[in-house]
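Chemist: Here is my input; please provide its structure:
(one chain, ligands or ions: 1)
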Amino acid sequence: MSRKWKKKSQEEIKNIIYGALEQNINYNKQNILGVPASYLDEKVFNQDAYFLKEAPFMFALTQNPNHIGCHTTGTSEPFFKGTHEIEKKLIEICATDILKGGEGEQDGYVASGGTEANIQAIWIYRNYYKRKFSAEASEIAIICSADSHYSMDKAANLLSIPIYKIPVDEFSRKMSSESIGSVIEQAKGDGVKHLIVVCNMMTTMFGSVDDIDVMTGVLETSGCHFMIHVDGAYGGFYYPFTDKQSKLTFRNPAITSFTLDAHKMAQSPYGTGIFLIRKNFIHYVNTKEASYVEGEDLTLIGSRSGANAIAVWMILVKNGPHGWFEKTLILQKRTEWLCEKLTALGIGYFRNPKSNIVAIRATPGMEKVASKFSLVPDSHSSPSWFKVVIMDHVTIEKLTLLVEDLEVSLS
Ligand SMILES: *Cc1c(COP(=O)(O)O)cnc(C)c1O
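Modeler: Sure, this is the predicted structure:
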């Protein structure tokens, strides 16, 4: 698994980032009079040359490149072309090395987060159905599991289309074909003909992964048009490494787009959602009125920080594909360790074997422990589950303390 994604040394990374910034406009040396942008205010932000020479991300922040628009298709603002190239490389790594798409066959951009990337996908498909089939908004619906992220509700609200949620089994967090079928029938009864289906690659609360074959099996016999978006905001930088047989990749022709969030599992700065979609779809949200932006604007957000794209690219190439795989292996081992301890204590939990999230069944005595260790509940008003997310800093040493307290809470 590595075509574009190669591990690089700190020296190589520095040369590439400083080289890219060099190709962007230079407000000091050139006469740039019409661009509403500049370097960060040096009275406020330390721009000590000696320090920034060794800190490519910080240097990029002070240079403040704007990555407005989408750079994988058409033309872009020439002022920041150096760092746009880094974003293109990042999108290509995510689409081809991580999600197994063909080279140059996907478009994408670094969004503000998973919320924006999900809304972007749903916006594209809504417009696609409107344009292609002259569909009314009421004939287009979002279909997703009850465990889906609330950004789907935001999308439904913003885009004025209905949303239907498929119930999941309390213990397996799975949707049965019967429940998918009956929700689709209900939507059809309401006049829906075109479906925007969201499939989860690790849900926020449970780390559960939707079975796309069960989903497509029902969709194909539904008589409705459907487009599938995969929400990998949580799992995007994890699940593709732990499940080598994953059906949630661009190799699966049923899938058209993905959301990944580098600021969830990949320890990157906030503002690093990643939106990826097969070619020939993103133009359905072209805002032609963005006439002052060269190449117009195919994204939801508008101006956005180029430093964010640089941060994610640096994280990926510093670790390299093997380093990344190893990182997930360690987290998998720690997660297994916790699950074994919970099983031994007879504490109920849900865990997808390929994920690093453990949702523990709430028991009457658990609330104090949950609050001591900042376990996140499914509902703050009446919790049924508390989750543990095994990240880099969640070591077995720390997990031991949790297990000890849980044991005490049982007695
Ligand atoms: C966190 C999350 C989102 C939203 O991502 P933000 O970056 O917070 O906007 C969407 N979907 C899933 C599954 C998530 O876990």
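Chemist: Residue 312 sits in which helix or strand?
Modeler: helix 306-345 (DSSP states H and E).
Chemist: Residue 195 is in contact with residue 226, correct?
Modeler: Yes: here residue 226 lies in contact with residue 195, judged by Cβ atoms under 8 Å, at a distance of 4.2 Å. In short, each C-beta sits where N, CA and C put it, glycine included.
Chemist: what does the stretch 151-300 of the chain have sitting close to the ligand?
Modeler: For the stretch 151-300 of the chain, the residues in contact with the ligand under the definition Cβ under 6 Å from any ligand atom are 151, 203, 204, 231, 233, 234, 261, 264, 273.
Chemist: Excluding sequence neighbours, find me the nearest residue to the second one.
Modeler: In this case it means residue 203. Taking Cβ to Cβ, 6 or more residues apart in numbering, and ignoring the residues beside it in sequence, residue 203 has residue 147 as its nearest neighbour in space, at 4.3 Å.
Chemist: so where do the strands sit in the stretch 51-200 of the chain?
Modeler: 106-111, 140-145, 163-166, 194-200 (DSSP state E, counting those that start in this stretch).
Chemist: The second one packs against which elements?
Modeler: This means strand 140-145. Counting contacts by 3 or more Cβ pairs under 8 Å, 6 or more residues apart in numbering; DSSP states H and E, the secondary-structure elements packed against strand 140-145 are helix 114-133, helix 151-159, strand 163-166, helix 177-189, strand 194-200.
Chemist: pLDDT (mean, whole number) over the second one?
Modeler: When pLDDT is averaged along helix 151-159, the result is 98.
Chemist: So for it, what gets flagged as buried?
Modeler: Taking 16 or more other Cβ atoms under 10 Å as the basis for neighbour counts, the residues of helix 151-159 that come out buried are 151, 152, 154, 155, 156, 159.
Chemist: Can you tell me the closest non-neighbouring residue to residue 32?
Modeler: Beyond its immediate neighbours in the sequence, the residue positioned closest to residue 32 (Cβ to Cβ, 6+ apart) is residue 25, lying 5.5 Å away.
Chemist: For the ligand, see how far away the one you found is.
Modeler: When Cβ to the nearest ligand atom, to the nearest Å is applied, the distance between residue 25 and the ligand equals 30 Å.
Chemist: what about that residue, how many neighbours?
Modeler: Close neighbours of residue 25, defined as other Cβ atoms under 10 Å, add up to 18.
Chemist: Could you do residue 375 as well?
Modeler: Residue 375, neighbours per other Cβ under 10 Å, totals 21.
Chemist: out of everything not next to it in sequence, what's closest to it?
Modeler: residue 386 (3.9 Å).
Chemist: Surely the one you found forms part of a strand?
Modeler: Yes: according to DSSP: H, G, I helix; E, B strand; the rest coil, residue 386 belongs to a strand.
Chemist: quick one: it and residue 370 touch, right?
Modeler: Yes: the pair formed by residue 386 and residue 370 meets the contact definition of Cβ under 8 Å, at 4.4 Å.
Chemist: Grab the nearest non-local neighbour of residue 59.
Modeler: Sequence neighbours aside, residue 52 is the residue nearest to residue 59 in space, at 4.3 Å (criterion: Cβ to Cβ, 6+ apart).
Chemist: show me where the stretch 1-150 of the chain has helices.
Modeler: 10-23, 49-52, 56-63, 81-92, 114-133 (DSSP state H, counting those that start in this stretch).
Chemist: so which of those gets nearest residue 307?
Modeler: Residue 307 sits nearest to helix 56-63 of all these, at 4.2 Å, using Cβ to Cβ.
Chemist: So which bits of the stretch 1-150 of the chain are right by the ligand?
Modeler: Counting by Cβ under 6 Å from any ligand atom, the residues of the stretch 1-150 of the chain that sit close to the ligand are 113, 114, 115, 118, 149.
Chemist: what do you get if the cut-off is 8 Å, keeping everything else the same?
Modeler: Taking Cβ under 8 Å from any ligand atom as the criterion, the neighbours of the ligand within the stretch 1-150 of the chain are 112, 113, 114, 115, 116, 117, 118, 148, 149.
Chemist: give me the number of residues near the second one?
Modeler: Per other Cβ under 10 Å, the neighbour tally for residue 113 reads 21.
Chemist: picking up where we left off before, just say which of the helices and strands packed on strand 140-145 is most tucked in.
Modeler: With neighbours taken as mean count of other Cβ atoms under 10 Å, those reach their highest mean count in strand 194-200, at a mean of 25.
Chemist: give me the number of residues near the residue nearest to residue 375?
Modeler: Under the criterion other Cβ under 10 Å, the count of neighbours that residue 386 has is 24.
Chemist: got it, and residue 288?
Modeler: Counted with other Cβ under 10 Å, residues neighbouring residue 288 total 7.
Chemist: cool, residue 191 as well?
Modeler: Around residue 191 sit 11 other residues, with neighbours defined as other Cβ under 10 Å.
Chemist: any weak-confidence spans in the stretch 201-350 of the chain?
Modeler: Filtered on pLDDT under 70, the stretch 201-350 of the chain yields no residues whatsoever.
Chemist: Which residue ranges of it form strands?
Modeler: 225-232, 255-261, 273-278, 349-350.
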